[in-house]
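Colleague: please work out how this folds:
(2 chains, ligands or ions: 1)
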Amino acid sequence: MQKLLLLGDEAIAQGALDGGMSGIYAYPGTPSTEITEYVQRNKYAKENKIHSDWSANEKTAMESALGMSYAGKRAMVCMKHVGVNVAADVFMNSAITGVNGGLVITVADDPSMHSSQNEQDSRFYAKFAMIPVLEPSNQQEAYEMAYTAFDLSEKYNVPVMLRITTRLAHSRSGIDLSPQKTENKLSLPKDPQQFILLPSIARVQYRKLIAVQPELEKASEESKYNQYFDAKNKKIGVIACGLGYNYLLENFEDIEIPFSVVKVSQYPIPRNYVEKIMNECDEVLVLEDGYPIVEESLNGFMKNDKVKGRLTGAVPRDGELNPNIVAQALGLTDTYGTDSPTSLKGRPPQMCKGCGHIDVYEALNEVVAEIGEGRVFSDIGCYTLGALSPFRAINTCVDMGASITMAKGAADAGLIPSIAMIGDSTFTHSGMTGLLDAVIEDSPITVVISDNSTTGMTGGQTSHAVDRIFDICKGLGVHPDHLRTIIPLKKNHKEMVEMMKEEFAYNGLSVIVPVRECVQTASQKARAKIATKKMN
Amino acid sequence: MKKNIILAGVGGQGILSIAATVGMAAIAGNINIKQSEVHGMSQRGGDVQSHLRLSDKAIASDVIPKGKADIIISVEPMEALRYLPYLSSDGWIVTNSKPFDNIPDYPDVDGLLADVKKVKNHIIVDAEAIAKSIKSRRSSNIVMLGAASPFLDLSMELLEEGLKQIFGRKGEQIVNVNIEALRLGRKFTEENM
Ligand SMILES: Cc1ncc(C[n+]2csc(CCOP(=O)(O)OP(=O)(O)O)c2C)c(N)n1
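Modeller: Now for the predicted structure:
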């Protein structure tokens, strides 16, 4: 059979479908978005009604996946690394409940922060929760891991994390497929108390999780994804984790690797191989595409001269790995082209021509110039690009939903008025609960929900907020006199400025909702319409 | 056979359809491929690149090591120069001459083209003009692929097969115009090498 050309993300989706998954749950987030989008387009998934609708946020997604697991079926939840912070409560507790149907948490980390606020390493979360991690070194392995991870989860009664990083997520390669497995049948958990985490039961469940740890270690030692390659030269050995193994191979294309190598793609760290390489080699270099979690484990608290890596400067402390970094760390001849000319200019991302957020910022900047700067608390989405020139319109961007609550806190401190600037999808992701706090105290803030009716930054996924923002705000208790809307267009600039002035001056909570569809989704829809017309 | 190709451009310029075409061509020819691309924030008008690796052997890294690219294909001149640290000493740079100017401080174009010409092996194409000549402005990215095709070690049959797979959904006419764009791009390079 011809190979399928798939992104790492898509290989995971295909592997999960072939592995008998009954539902995928996610909130979009680069570089994880394409996993769920693949299932949404997939013919087999449609025919078999595999769940793939977006969730409101990562927490609701993971809880739904856990519910599907409770009901005996195989479920996957996907998110970007910072999504795990949002889902952390259910994530940590799902390790205590264990699973019924297999449960896989796929997390795409973003070292070098190509599209993120930080480069946190999700393997720490898995270690924290005491669950296994699968970390593929290439797309084929990603496919196979997604295919078999449900079995691993069901065998040991724990959720399993599948961890990838940006380069694997967004790189295509030819994939060989395995035979389709059937979905699990609906079934209740054998132990009716397993999912009731009252302290008395949770203590029992936690001891079960502790008791299974040696078995998970053994599974790692026996896993085909972990390997030991022996070589004569014992001066240096390499422990290569996930993609690090791939970059190591790149440096030895045509020759055999002259030193011993441990490939780590399943955690807990395989003790047998690591002990062997630590005993046999004078020095051990650790390659990880993320934080130095393995390196730190080997070091222990006492510094150890043997282990080299990010903590010793053999590998840069931050940023993603690449083949050149590996070459330098191993003292191999490195290659480099020529420097780019100094005339080269940076080309930062920017809001699209005609974007409604631009009209909102033009009005906002005018009013803020009058009342004083430093009071616009923003959030995460395309509108965050308003931080860059020519707008320089916002003062914060921290985590999804933080605009409203940080504005509230600043107003509590006396910065009045404070303004929150949030997108529609971010509002339903985690803005609603913060708005309720502001309603309860009638905080003197104005929340601008710049509604482009889509989840723009991640490529235009459906937004839960569409046609619901006003009802949500009213339902939460925003006073109708201070819940206002406008179409953000040049011709309405004056009106928007006036509206902002009035609401900023009001000594209580107000919400302004500028509504105009994202220019990207609008033109996609227009093109699709023309295409269907031509077909008919 | 082994080729490391960097595709360069600006988010929204269509370098991913070049990448997808080469990817399909490679799969049809049973050639191993890895193709990494940029999704997310930079796609909003920022600089974007795609690393394409073809080989008859297994390919490890998804990203091309610095100094090891055989070709840089760029749909606009400044972006062509951004990836010089990746270009090998005997590599080719194939770039569109027309700038994509969406920043306030875009450098002087003649200066940029002079810098491109400092690279020993270079092809500079006015892809817009060629695309316009066949009344298909949107095909200028495929003109660029055609201009780079003599250096790719992929037959024209395979590349045309790739175009059929990528544009087939949009109808025969779109496929044909892109095949023409590909051929004209190649002709330009063959006449100007
Ligand atoms: C916890 C978390 N989940 C997901 C993301 C990824 N993300 C960043 S912006 C964004 C979309 C925001 O959509 P919206 O608020 O509607 O603004 P728009 O981009 O449409 O302007 C997403 C999903 C993130 N940064 N953090």
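Colleague: could you say what helices and strands the helix or strand where A:L168 lies packs with?
Modeller: If you go by DSSP states H and E, A:L168 is part of helix A:166-169. Helix A:166-169 sits against helix A:8-18, strand A:103-109, with contacts defined as 3 or more C-beta pairs under 8 Å, 6 or more residues apart in numbering or on different chains; DSSP states H and E. No exception for glycine: its C-beta is placed from N, CA and C like everyone else's.
Colleague: my read: A:L248 touches A:I239, true?
Modeller: No. Using C-beta atoms under 8 Å, A:L248 is not in contact with A:I239, being 10.0 Å away.
Colleague: can you pull the residues that touch both of the two?
Modeller: A:261, A:287 (C-beta atoms under 8 Å, 6 or more residues apart in numbering or on different chains).
Colleague: between these two, which is the more surrounded one?
Modeller: Neighbours of A:L248 and A:I239, each counted by other C-beta atoms under 10 Å in any protein chain shown, are more numerous for A:I239; the result is 29 against 26.
Colleague: helix or strand for the more buried one, which one?
Modeller: Going by DSSP H and E, A:I239 is in strand A:233-241.
Colleague: next secondary structure after that strand?
Modeller: Past strand A:233-241, the next helix or strand by DSSP H and E is helix A:243-250.
Colleague: work out the gap between that following helix and the centre of the chain.
Modeller: Put simply, helix A:243-250 sits 23 Å off its chain's centre (C-alpha atoms, centre = their mean, to the nearest Å).
Colleague: next: stretch B:161-172.
Modeller: For stretch B:161-172, the distance to the chain centre is 18 Å (C-alpha atoms, centre = their mean).
Colleague: contacting residues around B:K135?
Modeller: Contacts of B:K135 (C-beta under 8 Å, 6+ apart): B:V177.
Colleague: on the three-state scheme, it is what?
Modeller: State at B:K135, reduced to three classes by DSSP: H, G, I helix; E, B strand; the rest coil: coil.
Colleague: show the model's pLDDT score for it.
Modeller: We have a pLDDT of 95 for B:K135.
Colleague: pLDDT weak spots in chain B?
Modeller: In the predicted model, chain B carries no residue with pLDDT under 70.
Colleague: could I get the phi/psi values of the residue nearest to the spatial centre of it?
Modeller: Note on chain B: the residue nearest the mean C-alpha position is B:I73, at 3.7 Å, using C-alpha atoms, centre = their mean. Torsion angles at B:I73 (phi, psi; degrees, to the nearest 10) stand at phi -110, psi 120.
Colleague: which non-adjacent residue is nearest it?
Modeller: B:A148 (4.5 Å; C-beta to C-beta, 6 or more residues apart in numbering or on different chains).
Colleague: check which helix or strand covers the one you found.
Modeller: helix B:140-148.
Colleague: now do that helix: which elements does it pack against?
Modeller: Checking 3+ C-beta pairs under 8 Å, 6+ apart, helix B:140-148 ends up next to helix B:15-28, strand B:69-74, strand B:87-96, strand B:121-125, helix B:127-133, helix B:172-192.
Colleague: list the buried residues in the fourth one.
Modeller: Same thing as strand B:121-125. Across strand B:121-125, burial judged by 16 or more other C-beta atoms under 10 Å in any protein chain shown covers B:122-125.
Colleague: packing partners for that strand?
Modeller: Short answer (3+ C-beta pairs under 8 Å, 6+ apart): strand B:121-125 packs on strand B:87-96, helix B:109-117, helix B:140-148, helix B:172-192.
Colleague: turn those into TSV, columns for distance to A:A420 and mean neighbour count.
Modeller: Putting these into TSV (distance: least, C-beta to C-beta, whole Å; neighbours: other C-beta atoms under 10 Å in any protein chain shown) gives the following:
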stretch	distance to A:A420	mean neighbour count
strand B:87-96	43	22
helix B:109-117	42	16
helix B:140-148	41	28
helix B:172-192	45	18
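Colleague: let's have the ones you listed in TSV, adding distance to A:Q193.
Modeller: Output for these, formatted as TSV (distance: least, C-beta to C-beta, whole Å):
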stretch	distance to A:Q193
strand B:87-96	63
helix B:109-117	69
helix B:140-148	60
helix B:172-192	61
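Colleague: what's around A:L344, how many residues?
Modeller: 17.
Colleague: near the ligand, which residues of chain A are found?
Modeller: A:27-29, A:58, A:80, A:82-83, A:86, A:380-383, A:400, A:423-426, A:452, A:454-458, A:463 (C-beta under 6 Å from any ligand atom).
Colleague: out of those residues, list just those in helices.
Modeller: A:58, A:82-83, A:86, A:424-426 (DSSP state H).
Colleague: my read: A:P179 touches A:D18, true?
Modeller: Yes. Using C-beta under 8 Å, A:P179 makes contact with A:D18 at a distance of 7.4 Å.
Colleague: between these two, which is the more surrounded one?
Modeller: A:D18 (18 against 6).
Colleague: ok, the more buried one to the ligand distance?
Modeller: 27 Å (C-beta to the nearest ligand atom, to the nearest Å).
Colleague: same thing with A:S378?
Modeller: 10 Å.
Colleague: got the contact list for that residue?
Modeller: Here A:S378 is in contact with A:384, A:386-387, A:393-397, A:403, A:420-422 (criterion: C-beta under 8 Å, 6+ apart).
Colleague: next one: phi and psi at it?
Modeller: Dihedral angles for A:S378 - degrees, to the nearest 10 - are phi -110, psi -170.
Colleague: excluding chain neighbours, what is closest to it?
Modeller: Per C-beta to C-beta, 6+ apart, closest to A:S378 is A:I394, 3.7 Å.
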